[in-house]
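> Give me a 3D structure for the following:
(chains A, B and C)
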Amino acid sequence: MQWQTQHGRHDLPWQQSPSAYSVHVSEIMLQQTQVSTVIPYFERWMQRFPSLDALASASEDDVMAQWQGLGYYSRARNLRKAAAHVIAEHGGEYPDCLQALQAIPGVGRYTAGAIRSFALQQYGPIVDGNVKRLYARLFGIDGEPNSSAFNRTLWQLAEQLTPHNASHIYSQGVLDLGATVCTKSQPKCSECPVQSECVAHATGRIEQLPNPKKKREKPFRVGHFSWHQPNQHIHLVKRSSPGIWGGLWCLPELPDAPKDAELAGEFIHQFTHYTLHAKVWRASTPQHLSVKDDNSVGYLATQLFDLNQLDQTGLPTPIKQFIQDRIALKRHT
DNA sequence: CAAACGTGGGT
DNA sequence: TACCCAAGTTT
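Numbering: from 1, shown residues only, chains lettered A, B, ... in the order given. Just a heads-up that it's a prediction; the model follows:
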């Protein structure tokens, strides 16, 4: 806690006059996403949706457009649902017990602890990637990453070590220590306040802890999309959720390559769990059919968008990129 | 419990 | 280039 006060981070946007709402928003955005990526999104979000009420009364399309590019879009859909939930179930005031916090859509054990700590300044243990790395090294914990046994051990440590007074300073401390000193590669052990107590440092196992995750092979998938562009408009469909890019507007996805169609373009996109080879086919008529997640075909909301106002529409990043590249290309030829 | 769920930064 | 993985949650 002393280290946190002297060397921790204090100037992040969500640390300035934090409310339960702003802490909630920042914590959801920060899930699996780096601080530097989140900062501009957080600032725009708080401008556009400054309060729980503003968010609850916004349309899903508005919310998705603000989230566009951040990824893991269920976070945005859940955040909007969460605003309605807190208003309906708690009269617009965040609950303070961990169990009630975890009942909020999109809020799991980590985020519940973070809201307790950072917004309510109450006892709120947290375990995230930073904390796992820090504790695994400090206490020399081997174990399959993300196994229940490994997680159980870490949460138990967090619950024991987190103080009941000024919990927020401790929680921010372990977060910042993991993020800035006990880093994945080339940790700054000479700057670490607990170096003398660190099992991994004493036994020369910094590089081995936490244990590496076993990697799975990444499948390769082909996706077919249709391109229908009548006079400066582009035909898009709203994707269903759950499923990849759920809630975003996208080129209609086809079950197969259409017969006798002309290829408008193609691109490769890397997801965490698979590689997508997208082929985009010219269509003279709009395609209302779309492939759903389970490979079934359904009808989705469909709309023509002015090519000049795609900025205010939530599209998957590679699809938006493809459209913009193609428009620019056409302008030159 | 494994797998789904996005995108981009760092080495 | 090819990985790893980042303030995780849900199914």
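> Hmm, A:His168 is touching A:Pro125, no?
No: at 11.6 Å, A:His168 does not count as touching A:Pro125 under the criterion of CB atoms under 8 Å. Where C-beta positions appear, they are placed from N, C-alpha and C, glycine not excepted.
> any idea how far A:Gly246 is from DNA strand C?
Separation of A:Gly246 from DNA strand C (CB to the nearest atom of the strand, to the nearest Å) stands at 11 Å.
> residue boundaries of the helices in chain A?
Under the criterion DSSP state H, helices of chain A are mapped to A:2-7, A:20-30, A:35-48, A:52-56, A:60-67, A:74-90, A:98-102, A:109-114, A:129-138, A:148-161, A:167-180, A:199-202, A:317-332.
> just checking, A:Ala76 touches A:Gly246?
No: using CB under 8 Å, A:Ala76 makes no contact with A:Gly246, being 9.8 Å away.
> When these two are compared, which one has more neighbours?
Neighbour count, other CB atoms under 10 Å: between A:Ala76 and A:Gly246, A:Ala76 has more, with 26 against 16.
> quick one on the thing from earlier: any idea which of the helices of chain A gets closest to A:Arg221?
helix A:317-332 (13.4 Å; CB to CB).
> Return the per-residue confidence for the nearest residue to A:Leu177 once chain neighbours are set aside.
If you skip the residues right next to it in sequence, A:Leu177 has A:Leu134 as its closest partner in space, 5.8 Å away by CB to CB, 6 or more residues apart in numbering. Among the per-residue scores, A:Leu134 shows a pLDDT of 97.
> To what extent is A:Leu134 buried, counted in neighbours?
Going by other CB under 10 Å, the residues that sit close to A:Leu134 add up to 26.
> low-scoring stretches of chain A, by residue?
A:288-299, A:332-333 (pLDDT under 70).
> what does it put close to DNA strand B?
Proximity of chain A to DNA strand B is confined to A:32-34, A:36-37, A:69-74, A:146-148, A:185-186, A:216, A:242-246, A:269-273, A:293, A:316-318 under the rule CB under 7 Å from any atom of the strand.
> now those: which count as buried?
Taking 16 or more other CB atoms under 10 Å as the criterion, what is buried in these is A:70-71, A:73, A:244-246, A:269, A:316, A:318.
> Okay, strands next: where are they in the stretch 151-300 of chain A?
When secondary structure is read from DSSP state E, counting those that start in this stretch, the stretch 151-300 of chain A shows strands at A:220-227, A:233-238, A:249-250, A:253-254, A:263-270, A:275-282, A:289-291, A:297-299.
> Any chance of CSV for the ones you listed, columns distance to DNA strand C?
Formatted as CSV, the entries for the strands of the stretch 151-300 of chain A read as follows, by distance: least, CB to the nearest atom of the strand, whole Å:
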stretch, distance to DNA strand C
strand A:220-227, 12
strand A:233-238, 19
strand A:249-250, 20
strand A:253-254, 21
strand A:263-270, 8
strand A:275-282, 10
strand A:289-291, 19
strand A:297-299, 18
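> Looking at those, which is nearest to A:Ala179?
Distances from A:Ala179 to each of the strands of the stretch 151-300 of chain A were compared using CB to CB; the shortest belongs to strand A:263-270, at 24.9 Å.
> List the buried residues of that closest one.
Taking 16+ other CB under 10 Å as the neighbour-count basis, strand A:263-270 is seen to contain the buried residues A:264-265, A:269.
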